[in-house]
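1. Below are the sequence and a predicted model; questions follow.
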Amino acid sequence: MSKRIAQRDSKRTDLLARLIEAKDPQTGKTLDIIDIQTEAFGMVVAGSHTTATTMTFLFYHLLHSPRVMDKLVQELVASDPGTRLSSMEGMADNVYFQACIRENLRYTPSFVMPLPRRVPDGGREIAGELIPGGVNPVRDEI
């Protein structure tokens, strides 16, 4: 990676090339190596985490729903995806497959990391209880 960053003239069109070419919107400067590594790590982790979580939940639900699994297998076998399955090419035509994925994402969302929470200034009343502004209701004592 350091060699590609030093050259900054790669003909490749991958994620790293895009990060090397990126410019800070405020200063117009290219990103330094720490910024490039941080952005690349975030993108790889974000993509792999959500994909792995989605697939894990999908297989969990399918293995606990034999009727659904049977129907999905029948659809996939009938569509004869062959090597197209690995690239998802043509899988949009498999209506039941798409429905399984959508239902899986609805039932068990893949984003499982906690989001920061802060009560807005002035506080809020929730279920009859006043929560003061600036409080993180997950972390702070109320």
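-> Received, thanks.
2. Give me the below-cutoff pLDDT ranges for this structure.
-> Scanning the chain with the threshold set as pLDDT under 70 gives 1-2, 5-10, 81-90, 111-116, 137-142.
3. what's the helix or strand for the spatially most central residue of it?
-> Here the mean C-alpha position of the chain is nearest to the C-alpha of T50 (CA atoms, centre = their mean), at a distance of 4.0 Å. If you go by DSSP states H and E, T50 is part of helix 33-63.
4. quick one: buried residues of stretch 44-52?
-> Neighbour-count burial for stretch 44-52 flags T50 (criterion: 16 or more other CB atoms under 10 Å). In this view, the C-beta of every residue, glycine as well, is placed from N, C-alpha and C.
5. what about that stretch, distance to the chain center?
-> Computed by CA atoms, centre = their mean, to the nearest Å, the chain-centroid distance of stretch 44-52 equals 6 Å.
6. again, but for stretch 96-109
-> Going by CA atoms, centre = their mean, where stretch 96-109 is centred and where its chain is centred differ by 15 Å.
7. Run through who's touching it.
-> With CB atoms under 8 Å, 6 or more residues apart in numbering as the test, stretch 96-109 has contacts from T54, F57, L58, H61, L62, V68, K71, L72, E75, L76, M91, A92.
8. before we move on, the earlier item: what packs against the helix holding T50?
-> If you count contacts as 3 or more CB pairs under 8 Å, 6 or more residues apart in numbering; DSSP states H and E, helix 33-63 packs onto helix 2-7, helix 15-21, helix 66-79, helix 95-107.
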